[in-house]
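[1] Sharing a model that was predicted from the sequence below.
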Amino acid sequence: MSEEDTGPIRIFQKRFTVPRTAIDRNGHVNNVVYVQWMQDLAIKHWQTVGGETVNRDNAATWVARSHHIEYLRPAFEGDELEALTWISNLRRVRSLRKYTFRRVGDKQIIARGETDWVFIDVQSGHPKPIPDSVPAILPISPDPA
């Protein structure tokens, strides 16, 4: 995970090894697993920047509205992957978060994705405006090269 000394984590990074449990009957990472990894990355990034305090102070949480994934190459058990996630935009009640999964060994991008997240009031279940404090801890970032 990276953080500049002067600011928030714009691009959250995590390295991990593909476990056997992620492999499907075709011998590569099951497509559904990427959705779980995307959610896990988003949650960890939010927690790392102090987002749980924002949730608590606003009686709110984030809910995934939609996912889109582009599968470029297969990943296999034992592959070391680097996953990156960042915020592409923040709107009134929604945020677009993007992801890239890269194999460390050959630096090949194996998948790209995005999730449209909605900020939700925990009592009503309805969308609620994203607080002004969020852009300071979760700034918009251009796609990494």
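    Thanks, I have the structure now. Residues are numbered from 1 along each chain as shown.
[2] Assess the claim that residue 63 and residue 117 are in contact.
    Yes. At 6.9 Å, residue 63 counts as touching residue 117 under the criterion of C-beta atoms under 8 Å. (C-beta placed from N, C-alpha, C; glycine too.)
[3] list the contacts for the residue sitting nearest the centre point of the chain?
    Among the residues of the chain, the one closest to the centroid is residue 42, at 3.3 Å (C-alpha atoms, centre = their mean). Residues in contact with residue 42, defined by C-beta atoms under 8 Å, 6 or more residues apart in numbering, are 62, 64, 85, 97, 115, 117.
[4] More neighbours: residue 63 and residue 117, which one.
    Neighbours per residue (other C-beta atoms under 10 Å) separate residue 63 from residue 117, with residue 117 holding more: 23 against 12.
[5] can you pull the pLDDT of the more buried one?
    Note on residue 117: pLDDT of 98.
[6] Check the separation of the first and last residues in stretch 56-75.
    Counting by C-alpha to C-alpha, to the nearest Å, you get 37 Å between the two ends of stretch 56-75.
[7] what comes up buried for that stretch?
    Using 16 or more other C-beta atoms under 10 Å as the test for burial, stretch 56-75 gives 58, 60, 61, 62, 69, 75.
[8] Am I right that the residue nearest to the centre of the chain falls within a helix?
    Yes. Counting by DSSP: H, G, I helix; E, B strand; the rest coil, residue 42 is part of a helix.
[9] pLDDT wise, what is it at?
    At residue 42, pLDDT is 97.
[10] again, but for residue 9
    pLDDT, residue 9: 85.
[11] do you know how far it is from residue 77?
    Using C-beta to C-beta, to the nearest Å, residue 9 is found at 29 Å from residue 77.
[12] out of these two, which sits in the busier spot?
    Just comparing residue 9 and residue 77: by other C-beta under 10 Å the higher neighbour count belongs to residue 9, 19 against 14.
[13] hang on, the more buried one in a strand?
    No. Counting by three-state DSSP, residue 9 is not found in a strand; it is coil.
[14] For the closest residue to residue 126 other than its chain neighbours, which residues count as its bridge partners?
    Ranked by C-beta to C-beta, 6 or more residues apart in numbering and with sequence neighbours excluded, the top spatial neighbour of residue 126 is residue 120, at 6.9 Å. With DSSP bridges as the criterion, residue 120 is bridged to residue 61, residue 127.
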